[in-house]
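Colleague: Structure for this input, please:
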Amino acid sequence: MLEQFIVIIIGIFISIEIFTYFIISNVNNKFQWLIMKKDEFPNLSEKGLKKFFEHGYDSELGWIRKPNTLHSEIGKNGQTKWTVNSKGFRTNPEYDNLESKISCYGDSFVFCRQVNDNETWEYYLSQLQNTNVLNLGVGNYGIDQALIRMKREYSKNKTPVVVLAVVPETICRIVSVWKHYYEYGNTFGFKPRFIIKNEKLELIKNQIDSRSKFFEYKKYLNIIQKNDFFYKKKFQKEKINFPYSLSILKNFRRNLSIIYWVLKIQRDERLEKKDLQKKWNLMKIIMKINLKWRVKLYQNQKITALLKKIIEEYVTFSQENQFKPVFLLLPQKDDIIFIKNNYHFYKEFVEDLSQINGLNIIDITDEILKESNLDDLYSDNNNYGGHFSSEGNKKISLLINQKLSSLKII
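Modeller: Have a look, this model is predicted:
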C-alpha cells in the first residue's frame, strides 16, 4: 500500500515537472527574461555576430557606434533615423563643419535615440551656442565606458568644455561586465569595468577583446562571473532550475506574471488580436525590477563610492587636459515617476558630488519634476518612457544652456 502511494506521488511529481518544464521552455523561447539553465551558456548567433562586428564591436569598450553607419527606429511621431558621420560622431546637420566648443560623452540619452539627427539636444544646443556640439554618446554605455572612450579619443577631438552625461541607471552598468547577467539576452554585450583597489581605480579590461573569443567565450566565464555583480545577485537567483515546479516558486510573483502575460499574448496572436498594452504589461514587470535595482544600488556605499571615484577620475583627466568638466544627469521617465511617488533616491549622491573640486554639475531632475505632462518630454507613452522626444531634447538643451551660462562655463 505504501509502495503504491509512493509510486503515485512520484508519478504526479513527474507529470507536474514535465508540464512545468513545457510551459517554462515555451515562455523562455518567446520572452528572454524568463531564464533557464541553458541560458548560462547561450549560443551566440553567427549571423548576429557578423552584423555586430560590422556595425558595433569594439575590442576595448565592448561596442561603439561605428563611422558611416545608420539606423531607423520608432519615435513618438513615427519612424526616425540616426546617422553616424565619418568621424564616429552622431551627425549634427548644419553644424558638422563648424568649430566645436563642447563635446559630449555618455549613453543613449546622449546619443538621443528615437529622434532624428536634427532633434537631439546637442543639435538644439548647437543652435543656441552657434557651435558644433559633438555627440559621442553610445547606447547602453555605463559611465565607465564613456570615460574610457573620452580618454582614448579626446586628444583627437579637443574642446574647451566636455560634458559627461548619463542616466541614473549607470550605477547598475558600472558593476556589469556581461550585460546578459543583467539584461538577459544581451549576449554580445561584454564590457570593461573599474574596481577600487588600494583607494585607486583599477581597470578590469574587456575579457572578450577579439572576435575569435566570442566563439570560445566559455573559457573566460570564471573571471567574467567573478567580476560581474549581477551574476550571483540577480542572474542566479532568477534562473529556473530542476526541479522546475519548485524552482519557479523562488520568484513566484515575477515568474507567474511573466508566464501569464506571455501565454495571453500568444493566445491573442493566434486569434489575430493585436494589443500593445498587453506587451507593455509584460515588459513592465522587468522595468519595475530594474528600477528597484538602481534604487537599491544608490543605497550601497561601496558601489556609490565606485561611481564617485569614476567621476573624480574624469575631473583629474580634465585638469590634465585643461578642459572644463560638466557632469550631466539625465533622468528616465520611470525615475521621475518613482521620485514623485516616493523619494529622490539619488539626490544624496548628487549632493555628495559637490565636494569634488572643479566639477560642474547639472542635474535636471528638479526641473523635470515640475513638468505637468511628462509624456510630452519622452518618446514612449508608458511609465518607462523610452528616450527624450524632440520636445524633450529642446527643453533639455535650454536647461543645459542656462546652467552652463550660470556656471560661467560659456
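
Colleague: Just the buried residues of the lowest-mean-pLDDT helix or strand in the chain, please?
Modeller: Least confident helix or strand, the chain: helix 2-30 with a mean of 84, by mean pLDDT, DSSP states H and E. Within helix 2-30, the residues that count as buried by 16 or more other CB atoms under 10 Å are Thr20, Tyr21, Ile23, Ile24, Val27, Asn28. All C-beta atoms are positioned from the backbone trio N, CA, C, and that covers glycine.

Colleague: tell me the contacts of the closest residue to Tyr217 other than its chain neighbours?
Modeller: Nearest non-adjacent residue to Tyr217, counting by CB to CB, 6 or more residues apart in numbering: Ile208, 5.8 Å away. Counting by CB atoms under 8 Å, 6 or more residues apart in numbering, Ile208 touches Gly62, Phe190, Phe214, Tyr217, Tyr220.

Colleague: Compute the distance between Ile208 and Lys226, please.
Modeller: 15 Å (CB to CB, to the nearest Å).

Colleague: before we move on, what about Asn357?
Modeller: As judged by CB to CB, Asn357 and Lys226 stand 35 Å apart.

Colleague: higher neighbour count, these two?
Modeller: Applying other CB atoms under 10 Å to Asn357 and Lys226 shows that Lys226 carries more neighbours, namely 11 against 8.

Colleague: Helix or strand next in line after the helix or strand encompassing the more buried one, which one?
Modeller: Taking DSSP states H and E as the criterion, Lys226 maps to helix 221-227. Next helix or strand after helix 221-227 toward the C-terminus (DSSP H and E): helix 229-230.

Colleague: Run the chain-centre distance for the following helix or strand past that following helix.
Modeller: Next helix or strand after helix 229-230 toward the C-terminus (DSSP H and E): helix 236-238. For helix 236-238, the separation from the chain centroid amounts to 20 Å (computed by CA atoms, centre = their mean, to the nearest Å).

Colleague: then stretch 226-246 to PDB, C-alphas only?
Modeller: In PDB, the C-alpha atoms belonging to stretch 226-246 read as follows (Å, rounded to 0.1, in the frame of the first residue of the first chain):
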ATOM      1  CA  LYS A 226      33.800  36.800 -10.600                       C
ATOM      2  CA  ASN A 227      33.700  40.500 -11.600                       C
ATOM      3  CA  ASP A 228      30.000  40.800 -12.600                       C
ATOM      4  CA  PHE A 229      27.900  41.900  -9.600                       C
ATOM      5  CA  PHE A 230      24.700  40.700 -11.100                       C
ATOM      6  CA  TYR A 231      25.800  37.100 -11.800                       C
ATOM      7  CA  LYS A 232      25.100  36.000  -8.300                       C
ATOM      8  CA  LYS A 233      22.900  38.700  -7.100                       C
ATOM      9  CA  LYS A 234      20.400  38.600  -9.900                       C
ATOM     10  CA  PHE A 235      21.000  36.100 -12.700                       C
ATOM     11  CA  GLN A 236      21.500  33.000 -10.500                       C
ATOM     12  CA  LYS A 237      18.600  34.000  -8.200                       C
ATOM     13  CA  GLU A 238      16.200  34.400 -11.100                       C
ATOM     14  CA  LYS A 239      17.300  31.400 -13.100                       C
ATOM     15  CA  ILE A 240      14.800  28.400 -13.100                       C
ATOM     16  CA  ASN A 241      16.500  25.100 -12.500                       C
ATOM     17  CA  PHE A 242      15.300  21.500 -11.900                       C
ATOM     18  CA  PRO A 243      13.100  20.700 -10.100                       C
ATOM     19  CA  TYR A 244      11.200  23.300 -12.100                       C
ATOM     20  CA  SER A 245       7.900  23.200 -10.200                       C
ATOM     21  CA  LEU A 246       9.800  24.200  -7.100                       C
END
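
Colleague: ok, so what distance separates Phe188 from Arg211?
Modeller: Plainly put, Phe188 is 11 Å away from Arg211 if you go by CB to CB.

Colleague: When these two are compared, which one has more neighbours?
Modeller: For Phe188 versus Arg211, neighbours defined as other CB under 10 Å are more numerous around Phe188 (22 against 13).

Colleague: for the nearest residue to that one once chain neighbours are set aside, helix, strand, or coil?
Modeller: Closest residue in space to Phe188, ignoring its immediate chain neighbours: Phe52 at 5.1 Å, by CB to CB, 6+ apart. Under DSSP: H, G, I helix; E, B strand; the rest coil, Phe52 falls in the helix class.

Colleague: wait, isn't Phe52 in contact with Thr187?
Modeller: No: contact criterion CB atoms under 8 Å: Phe52 and Thr187 do not qualify, at 9.9 Å.

Colleague: These two: who's more crowded?
Modeller: Thr187 (21 against 18).

Colleague: Just the endpoints, please. Distance across stretch 80-94?
Modeller: 18 Å (CA to CA, to the nearest Å).
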